[in-house]
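Trainee: just to be clear, the model below is a prediction. Sequence and coordinates:
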Amino acid sequence: MILTLACRPGEGFAQKVLSVTPAHCKYEISLNPKAVGPGWAQPGFDDSGWASSLPAADSYLPPGPYQWTRCQLDLRPLAQTGPVFVQVEEFSAWEVLVDGKDLGSFGNLETGRYSMNLVQRFPLPQLSSERGVVLVALRETRRGLPPLRYSSVVAPISAGSQQTLIDQTSLAILEGFTRRRVQFICYGFFGIGGIFLLILSSVDRSRKDLFWLGLVALGILDLRTNELAQVLLTPYPHWVQLACLWVGQWLFVPYVCFFFSLTGRRVPRFYLIVAAATPILVAPAVLSFVWGPRMDQVLWWWSYWSPWMLTVVGVLGVISSTSPVAAFWPVWKIPPALRPIFWVSMIWATGETANTAVHLPWFNALDPTGLVREYRALVSAPVMLAMFFLLARRQKRMGDERSELQAEMRSAQEMQQLLMPAALDLQPWIQVEAAYLPAKEVGGDFYFCRRAGSGQLVVIGDVSGKGLRAAMLASNIVGALRNEDAGNPGLVLARLNEVVLQAHSGGFVTCLCALFEPGGQLTVANAGHIAPYVDGAELAVENGLPLGIVSGDSYADSSFLLGGKAVTLLSDGVLEARDAKGELLGFECMAALTSRPAAEIADAAQKWGQEDDITVLTVRSL
């Protein structure tokens with residue numbers, strides 16, 4: 001990276017440290033690594049055609065990763081300080097020469113890679129008393145994000161005693177950290193909160209808002225940690241810094257998703273595209289640094305278009321930062337429970353929008369001292385605290401609602417258990433084996449047995465839907481069956497149909513009514529339920545509409561002579577059992593199971609993968 005060389009030393013080091021100023025330097029920037037001829041680092045080299053200054057801080061650099069710098073440095077004020085060292089701090093790979101002699105290097109000049117321990121010091125050879133002005137020459141290879149600029153911790157090129165240079169650098173690092181301590185403390189809080197939110201979201205996977213906010217907090221921490229490492233000159237590879245920077249560019253994706261998850265709305269595709277565009281656009285520059293010369297063409301292309309590219313990225317960032325408004329729109333229809341979260345979101349959005357806007361070329365002159373970034377940090381921390389509080393209150397409210405729902409479910413389960421008779425009203429010549437396995441949620445399966453004259457009436461059914469409403473409707477049906485004196489299955493279903501319609505539940509009921517008579521006679525009427533099975537084969541029963549669809553509907557009886565064969569009646573919980581791969585048990589497997597006892601059929605369906613109530617009745621004439 002190119003750095004402006006203007007930097008004043010601290011007052012305490014004014015007499016012991018000499019720093020290069022732009023007035024003492026000439027510069028050459030080129031794509032061609034051989035653009036500068038031999039002898040360019042010698043004092044007598046003709047540099048009259050070189051530039052006398054670097055591009056302004058608010059302008060963009062021309063494409064090209066190579067730079068040569070020639071600076072005059074008068075060392076005579078340091079004649080009495082003992083051994084003199086030259087100190088260099090540049091965001092690039094470089095080599096430094098003094099009067100044409102190689103003094104040292106930093107990073108890889110071929111690939112441009114370097115680590116972040118940027119401040120390097122080299123001892124100068126012994127100078128003669130009459131030769132005090134030296135030529136400090138710097139050859140650099142720059143890669144990465146050409147238009148980005150970093151703040152120099154100390155003067156890019158300076159000279160003095162080794163201990164004085166070390167003390168100056170330490171003081172500059174401390175001042176840089178102190179100047180931005182508010183930001184680092186605020187964003188450190190973000191990181192702790194982000195980890196906490198991700199833990200909470202893993203416990204309650206329905207809280208997507210906690211998950212997205214946790215990612216936002218960790219993304220902000222990633223960017224600010226990167227800045228802290230730059231201030232402290234942490235020795236880690238520059239490509240790691242660029243990778244962390246690129247990961248941070250994805251911050252707007254969870255930012256957008258968070259606000260839409262607050263309102264329970266689906267994220268518009270437009271906002272997802274805008275939020276993802278920033279990291280996609282800057283990816284070529286990051287890859288060019290990681291993969292070196294193989295990405296030279298990409299780097300040149302990105303550098304050539306970078307003034308427009310970064311403007312587009314900035315505009316996209318401003319659009320993404322307005323997502324809270326879109327998520328809550330129209331604001332005048334926001335429910336009262338969401339209004340505190342809305343106002344906190346708006347305060348957060350102002351900080352993000354302002355911070356993104358001042359990076360645009362039209363507005364960056366409005367914030368020369370970084371007040372907007374400071375405002376963003378000061379606003380973001382209390383906003384995050386307020387958001388934590390509001391989300392915790394929301395979590396409590398949702399917990400109370402879930403407790404009420406669980407209590408309702410327990411009541412429904414208790415009611416459903418009452419529907420399953422402890423003792424069946426059976427004729428002495430018949431045997432009924434019943435197996436009932438309720439699902440995790442309350443369903444509407446029911447069965448009923450009672451004597452009907454000399455015969456045995458057996459009913460099995462399934463109410464559509466789940467929860468207390470389904471259990472209530474099932475209880476109405478069982479109550480009607482207890483008071484039903486008809487012995488004809490078709491007539492029983494017709495009367496139950498009217499019971500379901502009068503309940504106004506809005507659902508329907510599949511039901512099968514079977515009348516077993518001495519001597520093996522079986523009469524069946526079916527209202528949309530699974531037909532009976534005998535010896536693994538489905539009986540050809542005439543099927544009617546489920547109960548509760550059409551008033552006055554009639555149901556035909558189907559008669560069979562079975563002798564002593566067992567008849568299996570099932571609910572669709574057996575048929576719809578689903579394994580881990582998503583495959584249903586299906587009719588074929590169910591038919592193969594029907595020759596087994598009821599308990600074994602229910603157990604096999606449950607092991608396959610229960611998703612609904614499982615009810616199985618096996619009826620056999622003795």
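Mentor: That came through fine. Keep in mind that this is a model prediction, so the values were computed, not measured.
Trainee: name the SS class of the closest residue to Gly39 other than its chain neighbours, please.
Mentor: For Gly39, ignoring the flanking residues on the chain, the nearest one in space by C-beta to C-beta, 6 or more residues apart in numbering is Phe45 at 5.2 Å. Where you see a C-beta, it was placed from the backbone N, CA and C, and this is true even at glycine. Of the three states, Phe45 takes coil according to DSSP: H, G, I helix; E, B strand; the rest coil.
Trainee: where's Phe45 relative to Gly132, distance?
Mentor: Counting by C-beta to C-beta, to the nearest Å, the separation of Phe45 from Gly132 is 20 Å.
Trainee: and for Val616?
Mentor: 103 Å.
Trainee: who has more neighbours, those two?
Mentor: Comparing Val616 with Gly132 by other C-beta atoms under 10 Å, the one with more neighbours is Val616, at 29 against 14.
Trainee: strands paired with the helix or strand containing the more buried one, and their directions?
Mentor: Element membership for Val616, per DSSP states H and E: strand 614-621. Using DSSP bridges, the strands paired with strand 614-621 are strand 430-437 (antiparallel), strand 567-570 (antiparallel).
Trainee: mean pLDDT lowest where, among the ones you listed?
Mentor: Per-stretch mean pLDDT for those is lowest at strand 430-437 (a mean of 89).
Trainee: quick one, helices of the stretch 401-550 of the chain?
Mentor: Along the stretch 401-550 of the chain, the segments classed as helices by DSSP state H, counting those that start in this stretch run 468-482, 489-503.
Trainee: mean neighbour count and distance to Val315 added to those, as CSV?
Mentor: As requested, these are exported to CSV (neighbours: other C-beta atoms under 10 Å; distance: least, C-beta to C-beta, whole Å):
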stretch, mean neighbour count, distance to Val315
helix 468-482, 20, 52
helix 489-503, 20, 59
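Trainee: got the domain ranges for the chain?
Mentor: 11-175, 180-398, 420-621 (automatic domain parsing).
Trainee: what's around Arg339, how many residues?
Mentor: 12.
Trainee: Ile334 is in contact with Phe342, isn't it?
Mentor: Yes. Counting by C-beta atoms under 8 Å, Ile334 does reach Phe342; the two are 5.4 Å apart.
Trainee: so between these two, which is more surrounded?
Mentor: When Ile334 and Phe342 are compared for neighbours, Phe342 comes out ahead with 19 against 15, by other C-beta under 10 Å.
Trainee: Arg179: which of the helices of the stretch 401-550 of the chain is closest?
Mentor: helix 468-482 (61.9 Å; C-beta to C-beta).
Trainee: quick one: that closest one to helix 489-503, angle?
Mentor: Interaxial angle of helix 468-482 relative to helix 489-503 (axes from the mean of the first three to the mean of the last three C-alpha atoms, to 10 degrees): 140 degrees.
Trainee: what is helix 468-482 packed up against?
Mentor: helix 371-419, strand 445-452, strand 455-463, helix 489-503, strand 509-517 (3 or more C-beta pairs under 8 Å, 6 or more residues apart in numbering; DSSP states H and E).
Trainee: from Pro438, how far off is Met409?
Mentor: From Met409 over to Pro438 (counting by C-beta to C-beta), the distance is 11 Å.
Trainee: go on, Leu198?
Mentor: 34 Å.
Trainee: please identify which of those two sits among more neighbours.
Mentor: Neighbours were counted for Leu198 and for Pro438 using other C-beta under 10 Å; Pro438 has more, 19 against 16.
Trainee: roughly how far apart are the more buried one and Leu593?
Mentor: To Leu593, Pro438 is 19 Å away according to C-beta to C-beta.
Trainee: Asn32: neighbour count?
Mentor: Neighbours of Asn32 using other C-beta under 10 Å come to 8.
Trainee: tell me the mean pLDDT over the host helix or strand of Phe342?
Mentor: Counting by DSSP H and E, the element that carries Phe342 is helix 339-357. The pLDDT scores in helix 339-357 average 81.
Trainee: run through who's touching that helix.
Mentor: Residues from elsewhere that reach helix 339-357, judged by C-beta atoms under 8 Å, 6 or more residues apart in numbering: 255, 259, 262, 314, 317-318, 320-325, 327-328, 331, 334, 363, 372-373, 375-376, 379-380, 383-384, 386-387, 390-391, 394.
Trainee: hmm, back to that, so for Ile334 and Phe342, which residues contact both of them?
Mentor: Phe328.
Trainee: nearest spatial neighbour of Val344, skipping sequence neighbours?
Mentor: Nearest residue to Val344 in three dimensions, chain neighbours excluded: Ala386, at 4.7 Å (C-beta to C-beta, 6+ apart).
Trainee: likewise for Arg266?
Mentor: Phe260 (6.9 Å).
Trainee: in three-state terms, label the one you found for me.
Mentor: Strictly by three-state DSSP, Phe260 counts as helix.
Trainee: how about JSON lines for the helices and strands packed on helix 468-482, with distance to Leu561 and mean pLDDT added?
Mentor: Shown next, in JSON lines, are the helices and strands packed on helix 468-482 (distance: least, C-beta to C-beta, whole Å; pLDDT from 0 to 100):
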{"stretch": "helix 371-419", "distance to Leu561": "32", "mean pLDDT": "72"}
{"stretch": "strand 445-452", "distance to Leu561": "18", "mean pLDDT": "88"}
{"stretch": "strand 455-463", "distance to Leu561": "14", "mean pLDDT": "91"}
{"stretch": "helix 489-503", "distance to Leu561": "16", "mean pLDDT": "91"}
{"stretch": "strand 509-517", "distance to Leu561": "10", "mean pLDDT": "93"}
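Trainee: columns distance to Val98 on top of these, output as JSON lines?
Mentor: Conversion of these to JSON lines gives the following (distance: least, C-beta to C-beta, whole Å):
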{"stretch": "helix 371-419", "distance to Val98": "38"}
{"stretch": "strand 445-452", "distance to Val98": "91"}
{"stretch": "strand 455-463", "distance to Val98": "91"}
{"stretch": "helix 489-503", "distance to Val98": "97"}
{"stretch": "strand 509-517", "distance to Val98": "93"}
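Trainee: right, I'll leave it there.
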